[in-house]
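Trainee: Have a look at this prediction, sequence included:
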Amino acid sequence: MSGCMLCPRKCGVDREHGERGICRETDRVRLARAALHMWEEPCISGEEGSGTVFFTGCNLRCVYCQNYALSRSERGKEISEERLAEIFLELQEKKANNINLVTPTHYISQIIRALDTAKRQGLRLPVVYNSSGYERVESLRRLEGYVDIYLPDFKYWTLGSASRYSMAADYPQAARAAVAEMVRQTGDPEFDERGMMRKGVIVRHLLLPGCVEEGKAIVRYLYQTYGNAIYMSLMNQYTPLDTLDTGAYPELNRKVTEEEYDALVDYAIELGVENGFIQEGETAGESFIPSFEMEGV
């Protein structure tokens, strides 16, 4: 934390002494929500819910961010690593199917220590690492043996989109390397008798308006590289929020059309993708965005 190099930004700031890099967080853990969540993929949420822990801050700067207040560090309560371990155990007591770490990249060190503490006290749930996909392989390697399920985004295929929408031109390269490391760690997907995932990788792609070809390129790469050794989750829930600068990004000021999403799904089917999740019906809307009012923190 004294010279943070956890993510591809490699800010090098002294977070231990209060400096803040792109993620805008010091070495003190901050959370905005820790609760059962019913709207992840079926094999993650199940009927009981996923034990989601929403960390404050983010190493990307997505102009369309669906969790803006969280990613920009506007919401969050500072807690100790001991309290984080307690939260993991409390979610287990609530019958969560897993511990789901949401936007955890900049807290890897603290999470590892909290998991060690929680496991000594009886934590036995699988751990989900739910991230933007903008990761350093060197940091992911520290999580081997701690994370059972990786749930990364794969947002962009082109440097232009990555730079324009998330201020990270190296995102495609970083995401490809990150997924490769995640698959190496977990191997083939495994499920329990209820159909809940116990081990494996699910790669998410949120389709953006006008970006069908980019989505197809990502699906093609993932399928040609990993086949059915991973799952894909193709999402149509993009929602333009009030925080979007519509003057600078007018192309994002609409929902994805049914025709756009169907084109992406049909392409995946034509390629031969079998292990995947799609969204049906009207999913775009702020009702799908959790409330970050410190529940469970």
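Mentor: Okay, I see it.
Trainee: contacts, neighbours, all on C-alpha from now
Mentor: Fine.
Trainee: all strands of this protein, in order?
Mentor: Applying DSSP state E to the chain gives strands spanning 30-37, 50-55, 77-78, 99-102, 127-131, 149-152, 190-191, 197-206, 231-235, 276-278.
Trainee: Redo those as CSV? Include mean pLDDT and distance to residue 295.
Mentor: Formatted as CSV, the strands of the chain follow (pLDDT from 0 to 100; distance: least, CA to CA, whole Å):
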stretch, mean pLDDT, distance to residue 295
strand 30-37, 95, 5
strand 50-55, 97, 10
strand 77-78, 96, 10
strand 99-102, 98, 15
strand 127-131, 98, 19
strand 149-152, 98, 23
strand 190-191, 97, 29
strand 197-206, 98, 26
strand 231-235, 98, 26
strand 276-278, 96, 28
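Trainee: Which among those is found nearest to residue 168?
Mentor: With CA to CA, the closest approach to residue 168 among these belongs to strand 127-131: 15.1 Å.
Trainee: any residues touching stretch 229-243, and which ones?
Mentor: 41, 64, 66, 68, 183, 187-189, 200-208, 219, 252-256, 261, 265, 275-279, 282-286 (CA atoms under 8 Å, 6 or more residues apart in numbering).
Trainee: So how do I select the buried members of those residues in PyMOL?
Mentor: Of the contacts of stretch 229-243, the buried ones go into a single PyMOL selection, burial set by 16 or more other CA atoms under 10 Å:
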select buried, resi 41+64+66+68+183+189+200+201+202+203+204+205+206+207+208+219+252+253+255+256+261+265+276+277+284
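Trainee: Restricted to helices, list the contacts of stretch 229-243.
Mentor: Members of the contacts of stretch 229-243 lying in helices (criterion: DSSP state H): 68, 183, 219, 261, 265.
Trainee: Turn the strands of the chain into TSV, including distance to residue 108.
Mentor: Listed next are the strands of the chain as TSV, based on distance: least, CA to CA, whole Å:
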stretch	distance to residue 108
strand 30-37	13
strand 50-55	11
strand 77-78	16
strand 99-102	10
strand 127-131	10
strand 149-152	14
strand 190-191	24
strand 197-206	18
strand 231-235	24
strand 276-278	28
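Trainee: Nearest to residue 223 among those would be which one?
Mentor: Per CA to CA, nearest to residue 223 of these: strand 231-235, 8.9 Å.
Trainee: Who does the closest one pair with, and is each partner parallel or antiparallel?
Mentor: Here strand 231-235 is paired, per DSSP bridges, with strand 197-206 (parallel), strand 276-278 (parallel).
Trainee: Now distance to residue 213 too, for these, in JSON lines please.
Mentor: Converted to JSON lines, those look like this (distance: least, CA to CA, whole Å):
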{"stretch": "strand 197-206", "distance to residue 213": "12"}
{"stretch": "strand 276-278", "distance to residue 213": "17"}
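Trainee: out of the ones you listed, which comes closest to residue 105?
Mentor: Between residue 105 and the strands paired with strand 231-235, the tightest spacing by CA to CA is seen for strand 197-206, at 16.2 Å.
Trainee: Alpha carbons only: can I get that closest one in PDB?
Mentor: The C-alpha coordinates for strand 197-206 follow below in PDB (Å, rounded to 0.1, in the frame of the first residue of the first chain):
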ATOM      1  CA  MET A 197     -21.400 -22.800  -9.200                       C
ATOM      2  CA  ARG A 198     -18.600 -23.900  -6.900                       C
ATOM      3  CA  LYS A 199     -15.700 -23.200  -9.200                       C
ATOM      4  CA  GLY A 200     -15.100 -21.600 -12.600                       C
ATOM      5  CA  VAL A 201     -15.200 -18.400 -14.600                       C
ATOM      6  CA  ILE A 202     -18.200 -16.400 -15.900                       C
ATOM      7  CA  VAL A 203     -17.200 -13.500 -18.200                       C
ATOM      8  CA  ARG A 204     -19.800 -10.800 -18.500                       C
ATOM      9  CA  HIS A 205     -20.200  -8.400 -21.400                       C
ATOM     10  CA  LEU A 206     -22.600  -5.400 -21.100                       C
END
